[in-house]
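>>> Build me a model:
(2 chains)
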Amino acid sequence: MKLAIVIPAFNEAGMIDKVIASLPRKLPKINEIISIVVDDGSSDDTYRVASRRADYVLRNIINMGVGSATRLGIEAAKKLDADIVLTMDADGQHSGADIGNLIAPIATKKADITLGTRMLNSKGMPFVKVFGNWMMNILTFLFFHIQVTDSQSGMKAFSKEAINKIRIDSISYEVCSEIIGEVRRHKLKFQEVPIKTVYTEYSKGKGQNVFNAADIFTRLISLKIGKRR
Amino acid sequence: MTIIARIIAILLGVIVISKVYLDYKKRTIGLTVFLFWVIAWLGIIVLSLYPIMIDRINRAIGEDSTGLTAFFAISFVFIFFVVYRIYTRANRLEKMISDMVIKLGMRDLEDKK
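Numbering: from 1, shown residues only, chains lettered A, B, ... in the order given. Modelled structure (predicted):
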């Protein structure tokens, strides 16, 4: 089986090398592991730094948002004929050691999608992020009627069948909720898998903040209305 | 003044519904979006034809009815129209730009393969 690890990155020149270096080289049931970094129009050296170690580095010529970058990475993984696709953040908050646990249910056909959840062990997570996640879980449930513990986690794994079925229209952070909506729309089997979160001063300053919530809310409305079925 | 605003609101409503219908036929918008805008604009047309309905609603909820209510209601039509145009265009443009950027990114992959 071929595993593609997709890492959307925006202005992560200082961290991306460490993140790629932390990826596992061998995993049970996996013959080949490839890394695909998507530089989302960074203004720093992310592209050059990532090119030193990643197998593929693609570039959004302008900064579109994590949704657009994730979509490009998944499209590339499809083209490269990956059997399993895993997405993770580029700010160092995800641990490469969790990848095996995340892909195991997919490799054994027990799930089509696995969601890495930081909330089953949220020790160390700043309160504002815990509160923001809780609000987003409620919002995701209201929009897509699926209850999850960490709707905004960027660490997810998909089977080949799942990536061929789901359609991502999101451009920005609403992508996490949209993917959960796609799980329901296509009746995919999903599992939540606890993951460790590495909260450093650097990673705390990255990612979503409570002020993104209003933006995500309006984008979810637009997505919900606009999704052609 | 109010009668002109009402006529313009009705004409705009008819134009928008026709345009939304054409977009739906061309499959550039989905059924949900089509129904949403048709219902919204039909509501505006009905209120423009029978602005007395606004006064009746006002009276029913215990507010004083004034002629200004209808005027403000019709004025709202124009704001709504502008928001509608901006919303649809911004959405379409954002989606088109994202699709284009992704296509360009995929071209890099082809080169690397």
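>>> Pull the contacting residues for the nearest residue to A:Arg167 once chain neighbours are set aside.
Computed as CB to CB, 6 or more residues apart in numbering or on different chains, the closest residue to A:Arg167 that is not its neighbour in sequence is A:Glu182, at 6.8 Å. Backbone N, C-alpha and C define where each C-beta goes, glycine included. A:Glu182 makes contact with A:Lys165, A:Ile166, A:Arg167, A:Ile168, A:Leu188, according to CB atoms under 8 Å, 6 or more residues apart in numbering or on different chains.
>>> Looks to me like A:Thr114 is in a strand.
Yes - under DSSP: H, G, I helix; E, B strand; the rest coil, A:Thr114 sits within a strand.
>>> quick one: the helices in chain B?
Taking DSSP state H as the criterion, chain B carries its helices at B:2-25, B:31-49, B:52-60, B:67-112.
>>> Name the stretch from those where average model confidence is lowest.
Least confident of the helices of chain B, judged by mean pLDDT, is helix B:52-60 with a mean of 74.
>>> show me the residues around A:Asp150 that make contact.
Neighbour list for A:Asp150: A:Leu115, A:Gly116, A:Thr117, A:Arg118, A:Met119, A:Asn133, A:Asn137, A:Glu192 [criterion: CB under 8 Å, 6+ apart].
>>> which SS state does it fall under?
Applying three-state DSSP: A:Asp150 is coil.
>>> Just want the most central residue of the chain.
In the absence of a named chain, this looks at chain A. The centroid of chain A falls nearest to A:Gly154 when counting by CA atoms, centre = their mean (3.1 Å).
>>> that's the wrong chain, I meant chain B
B:Tyr84 (3.9 Å).
>>> Is that residue in contact with B:Val33, as I believe?
No - contact between B:Tyr84 and B:Val33 fails when scored by CB atoms under 8 Å: they sit 11.0 Å apart.
>>> Stretch A:27-35: which residues count as buried?
Neighbour counts over stretch A:27-35 (16 or more other CB atoms under 10 Å in any protein chain shown) mark A:Leu27, A:Ile30, A:Ile33, A:Ile34, A:Ser35 as buried.
>>> A helix includes A:Ser35, no?
No - in this structure, A:Ser35 is strand, not part of a helix, as judged by three-state DSSP.
>>> list the contacts for it?
A:Ala4, A:Ile5, A:Ile7, A:Ile20, A:Leu23, A:Arg53, A:Ala54, A:Asp55, A:Tyr56 are the contacts of A:Ser35 under CB under 8 Å, 6+ apart.
>>> Great, nothing more from me.
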